[in-house]
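A.B. asks: need a structure here:
(one chain, ligands or ions: 2)
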Amino acid sequence: MSYPKSVTFTQARKFIAELATSSPVDAISLPLNQVVGRLLQEDVAAAIDVPAWDCSRVDGYAFAMSSMRQSEHEKLPVKDAIHAGTDATDVSSLKYAHPIMTGAMLPVGADSIVMKEHATVTSDHDLKLNQRVEKGAYIRRKGDDLKVGQLVIKKGRRLRPEDVGLLASVGVAKVKVNAMPKVLLILTGDELVSPGNDCEPGQIYDANSFMLRDLLLQMGCEVVAVKRLKDNRKHVSQVFKKLKDKPIDVVISVGGVSMGDKDYIPSVLSEEGRIVFHKTGIKPGFPMLFGQLGQAMYFGLPGNPVSAYTTLCQFIWPALRVMAGEAEMGNLNWRGKITHDVSKSHFRREFMRGYYVQSFDGSIDVTVCGAQQSSRIKSLTEANCFIVLDESQQDVVSGELVRIQPFHQFNVMS
Ligand code: AMP
Ligand code: MG
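C.D. replies: Ligands and ions are numbered 1, 2, ... in the order given. From the prediction side, this is the model:
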């Protein structure tokens, strides 16, 4: 079968965006306690005025200014406290001052509030002002924050906890958001052993299943299963045949996409599904495979943990965003000043692991995190960003500005 090989990073992203655009996840209506981190799929308007009635901003006393002025010695008898939650529509304040708590409804006729700290209640239960009170002060008027029908949050917003709070405050109980993309994670390799078991000579612990599953959860996916596959062509083929009919949005396999004798994934995918491209000009992660299996998008990541992590962030993260309905594909890019020389003698796009520090004045210094071998997971744990060196970029000199991509962006809650 013929398909593009060794495409550039930009071409790879384009191929992925095209397929992701035509594979949107469903929009579903969910209660507010399940929507944080998801993309809002509808415009939401306020169902009520906020506040829904005039109320007090402070703990104090509510009264009518004209009644206070006309009273003897500028005193008003204190009566009937109004608490938050009390219906005060039948409380008239023409002759009285009413103790009122923060957020409580203003009684009928009251147009002024004095803070508790600025007034005295005499032994005869009269309210006396200790300082000048401005008419209208400390009153939150009906609709001050939001008016009924006003747009509260626009379609396309990645919902944060504060957005959910806002939706709740206007009485909205459910909203339409994207369904979580259903992802199947497959780890390949005869050598893999789960931590907790003994590693025999030649075997290694399966680190990727843990790291990548958690990364996918952080990216807002539903990881429907994590499967381990031996490097056995027949077995891989049988599993792929079964997967074709499953309701999965994304299949991710890890390992077995390079030039090894038992790297069966590309040939099996071309038989059971479709390859869109194989290999892309990046470092690490060069052997990446992309295609389709049944209705699912298929990503075949290289097995080395740093390569798998990098390709997941650079290719699957943007695809997930597009599938949820976000328009643009770009990762967040900042600039940082590199603290030492870096040598680069190839023409691939390189994603190094870096650690950035931001100074008080906002400027960013960034340092490469030790040895950059793609097997070295420690470099990922030491890092807080990718340092991106473009294809044409060669050796970088200490003090030069480089592009960085902070890791926190790969979290829907960030
Ligand atoms: P592969 O892409 O299958 O050739 O694997 C490349 C390297 O990554 C090999 O050294 C594998 O042993 C290692 N590797 C593959 N899968 C995992 C995994 N799940 N956890 C840790 N290392 C892995
Ligand atoms: Mg392998």
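A.B. asks: List, one by one, the residues from the protein near ligand 2.
C.D. replies: Contact residues (Cβ under 5 Å from the ion) of the chain with ligand 2: 189, 255-256, 303. Glycine gets a C-beta too; all of them are placed from N, C-alpha and C.
A.B. asks: Just the buried ones from those residues?
C.D. replies: 189, 255-256, 303 (16 or more other Cβ atoms under 10 Å).
A.B. asks: domain ranges for the protein?
C.D. replies: Taking automatic domain parsing as the criterion, the chain consists of the domains 5-26+180-324, 36-47+151-178, 55-140, 334-410.
A.B. asks: mean confidence for the shortest one?
C.D. replies: Average pLDDT, domain 36-47+151-178: 96.
A.B. asks: Mind listing what's buried along it?
C.D. replies: 36-41, 44, 46, 152-153, 158-159, 163-164, 166-167, 170, 172, 175-178.
A.B. asks: Could you report the separation of Gly294 from Thr381?
C.D. replies: 36 Å (Cβ to Cβ, to the nearest Å).
A.B. asks: doesn't Met323 make contact with Pro24?
C.D. replies: Yes - taking Cβ atoms under 8 Å as the definition, Pro24 is a contact partner of Met323 at 5.7 Å.
A.B. asks: which bits of the protein sit near ligand 1?
C.D. replies: Proximity of the chain to ligand 1 is confined to 187, 189, 191-192, 204, 206-209, 254-256, 258, 260, 302-305 under the rule Cβ under 6 Å from any ligand atom.
A.B. asks: Name the SS class of the residue nearest to Met1 when sequence neighbours are not counted, please.
C.D. replies: Among residues not flanking Met1 along the chain, Ser270 sits closest, at 4.6 Å (Cβ to Cβ, 6 or more residues apart in numbering). At Ser270, secondary structure determined by DSSP: H, G, I helix; E, B strand; the rest coil is helix.
A.B. asks: roughly how far out does the longest strand seen in the chain sit from the chain middle?
C.D. replies: With secondary structure taken from DSSP state E, the chain has its longest strand at strand 349-358. Taking Cα atoms, centre = their mean, to the nearest Å, the mean C-alpha location of strand 349-358 is offset from the chain mean by 21 Å.
A.B. asks: how much space between Glu391 and Thr122?
C.D. replies: 82 Å.
A.B. asks: related to what we said a few turns ago, highest average neighbour count across the domains of the chain?
C.D. replies: domain 5-26+180-324 (a mean of 19; mean count of other Cβ atoms under 10 Å).
A.B. asks: so how far is the first residue of that domain from its last?
C.D. replies: 28 Å (Cα to Cα, to the nearest Å).
A.B. asks: Likewise for stretch 61-81?
C.D. replies: So stretch 61-81: terminal residues 9 Å apart, Cα to Cα.
A.B. asks: Could I get the phi/psi values of the residue nearest to Leu127 when sequence neighbours are not counted?
C.D. replies: Leaving aside its chain neighbours, Leu127 sits nearest to Ala97 (4.1 Å; criterion: Cβ to Cβ, 6+ apart). Main-chain dihedrals, Ala97, degrees, to the nearest 10: phi -100, psi 140.
A.B. asks: so what's Ala97 up against?
C.D. replies: For Ala97, the contact set (Cβ atoms under 8 Å, 6 or more residues apart in numbering) comprises 61-63, 68, 76-79, 127.
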